[in-house]
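Trainee: Any chance you could fold what I've pasted below:
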Amino acid sequence: ADFSDDDDVTKILDTWEEHKPEMETIESKEKLSGSKMGAGFTKEMQVMFRRQSTMIVRDPVLYLGRAFIFLVCNIVFSLVYWRTREFEQMQVLNKVWIGVWFVGVPTNMGVVAVYALNDEFKSLARETQNGMINVVSYVLAKSILVLPIMYIFAVFAVGVPGYGLLKWAGSTFMRVSVIWSATVYAFECIAETLSVMFDDPILGMLSFMNLWFAAFLFGGLFLPLGTMYWPFKAFYYVMPLQYYIRSVTYTHFIDGNWDMCTTPLFSPVCSTTGSGVEILQQTSDRYFSLVDTEDTFFLDVVKLLGIAIFFKIVYIVGLIYRAGKASKVNAP
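Mentor: This is a model prediction of the structure:
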């Protein structure tokens, strides 16, 4: 039904009686039991790739629609933070915050994925219980298709808004787009997990919003790590945002052509040399302790992918368990 018109389906049902096969006998069942039945895994993967690709194109809300929203929202942020185009020390804090907003709204849009993926899961569960598809082929095909989409998201989100309007250095594009994609992918895996945890998608969406707010609360911007107590400190390490903020801030600041500080009483930081390292250090000491003068890009990407893989595993386990559940038929 995903790829056929209603008229075609009706025609097949109307002509069923004309082509209905004879009932199987015990002998025919025994002959078939020893033969290889069903499509091979390679063929099944081909069908699943075609199916998922078609669904991505036909339903623009989940991916294509979000990419457009990322573009529009971040263009608005670029216009609001227009003065961050220059490397002025007066704009240091705004430069940090524009990087945060560029990923904050896109990750929040994962709440849409929870709803859409919950609906997709219910269809998948019915088809799995009827023996029509294999969960493994679905997960593989979907994961392979989604990974490049995360990078396409990054191109939409930071391409024109960041590098076109805010004049970010072109040499930083690969690093920024990769860390941005890894962050959004981590939240996408969280959305996938919550989409199969609840029958009601609203509960999954509310849970996602709680996790998104927790990511901001424990992201190191509002509460430095030193002011947190256990077990709340654990959230600082397992939430994705702090790794993104640290790497993006370092990437933008370290090689920037900063102006000289002339108003030490009013400037949030004041470096007489305009050194990126010195500005990063002052930003860390005075405002955001998570900002580092060391390049932690590769470590941050690995940690973000680790968070994504953890939630992906939880998602697969939940998917297999819930999709494989069948209704019990009680004896009369």
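
Trainee: Outside of stretch 282-302 itself, list whatever touches it.
Mentor: For stretch 282-302, contacts defined as C-beta atoms under 8 Å, 6 or more residues apart in numbering pick out 92-93, 96, 175, 178-179, 182, 219-221, 224-226, 242-247, 249-251, 253-254, 268-271, 277, 280-281. (Each C-beta comes from the backbone N, C-alpha and C, glycine too.)

Trainee: Grab the nearest non-local neighbour of residue 169.
Mentor: The spatial neighbour of residue 169 that comes closest, neighbours along the chain excluded (C-beta to C-beta, 6 or more residues apart in numbering), is residue 255 at 7.1 Å.

Trainee: Go ahead and confirm residue 307 touches residue 241.
Mentor: No. Assessed by C-beta atoms under 8 Å, residue 307 is found out of contact with residue 241, at 10.6 Å.

Trainee: In terms of packing, which of those two has more residues around it?
Mentor: Comparing residue 307 with residue 241 by neighbour count (other C-beta atoms under 10 Å), the higher total belongs to residue 241, at 26 against 22.

Trainee: Make sure the more buried one is actually in contact with residue 182.
Mentor: No. Using C-beta under 8 Å, residue 241 makes no contact with residue 182, being 11.7 Å away.

Trainee: Name the residues of the helix or strand containing residue 115 that come out as buried.
Mentor: In the assignment (DSSP states H and E), residue 115 maps to helix 110-129. Across helix 110-129, burial judged by 16 or more other C-beta atoms under 10 Å covers 110-118, 120-122, 124-125, 127-128.

Trainee: In terms of secondary structure, what does it contact?
Mentor: Contact here means 3 or more C-beta pairs under 8 Å, 6 or more residues apart in numbering; DSSP states H and E; on that basis helix 110-129 packs against helix 135-158, helix 173-197, helix 201-217, helix 297-323.

Trainee: what stretches of the stretch 51-200 of the chain score poorly on pLDDT?
Mentor: Along the stretch 51-200 of the chain, the parts satisfying pLDDT under 70 run over 130-131.

Trainee: Secondary structure element for the residue nearest to residue 169, which one?
Mentor: Using DSSP H and E, residue 255 falls outside every helix and strand.

Trainee: what's the neighbour count on it?
Mentor: 13.

Trainee: Who are the contact partners of it?
Mentor: 169, 171, 276.

Trainee: Ramachandran coordinates for residue 239?
Mentor: phi -90, psi 140 (degrees, to the nearest 10).

Trainee: measure it to residue 226 for me?
Mentor: 17 Å (C-beta to C-beta, to the nearest Å).

Trainee: quick one: which of these two has more around it?
Mentor: Between residue 239 and residue 226, counted using other C-beta under 10 Å, residue 239 has the larger neighbour count: 20 against 7.

Trainee: There's contact between the more buried one and residue 210 in this structure, I believe.
Mentor: No. Counting by C-beta under 8 Å, residue 239 stays clear of residue 210, with 11.9 Å between them.

Trainee: in stretch 205-221, what's buried?
Mentor: 205, 207, 208, 211, 212, 215, 216, 217, 218, 219, 220, 221.

Trainee: hang on, isn't the fourth one packed against residue 190?
Mentor: Put plainly, it is residue 211. Yes. Judged on C-beta under 8 Å, residue 211 makes contact with residue 190 at a distance of 6.0 Å.

Trainee: low-confidence ranges in the stretch 201-332 of the chain?
Mentor: Ranges of the stretch 201-332 of the chain meeting pLDDT under 70: 324-332.

Trainee: which residues in the stretch 1-150 of the chain form helices?
Mentor: In the stretch 1-150 of the chain, the segments counted as helices under DSSP state H, counting those that start in this stretch are 6-14, 16-19, 26-33, 41-58, 64-80, 92-108, 110-129, 135-158.

Trainee: As CSV, could you dump the C-alpha coordinates of the longest one?
Mentor: Once non-C-alpha atoms are left out, helix 135-158 reads as follows in CSV (Å, rounded to 0.1, in the frame of the first residue of the first chain):
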residue,chain,number,x,y,z
VAL,A,135,13.7,-5.6,11.3
VAL,A,136,17.4,-6.0,10.7
SER,A,137,17.1,-5.0,7.0
TYR,A,138,14.9,-2.0,8.0
VAL,A,139,17.4,-0.7,10.5
LEU,A,140,20.4,-1.1,8.2
ALA,A,141,18.7,0.5,5.2
LYS,A,142,17.3,3.4,7.3
SER,A,143,20.6,4.0,9.1
ILE,A,144,22.6,4.1,5.9
LEU,A,145,20.1,6.5,4.3
VAL,A,146,19.9,8.8,7.3
LEU,A,147,23.7,9.3,7.9
PRO,A,148,24.2,11.4,4.7
ILE,A,149,21.0,13.3,5.5
MET,A,150,22.5,14.5,8.7
TYR,A,151,25.4,16.1,6.7
ILE,A,152,22.9,17.6,4.3
PHE,A,153,21.1,19.1,7.3
ALA,A,154,24.5,20.7,8.3
VAL,A,155,24.9,22.2,4.8
PHE,A,156,21.4,23.8,5.0
ALA,A,157,21.9,25.0,8.6
VAL,A,158,25.4,26.6,8.5
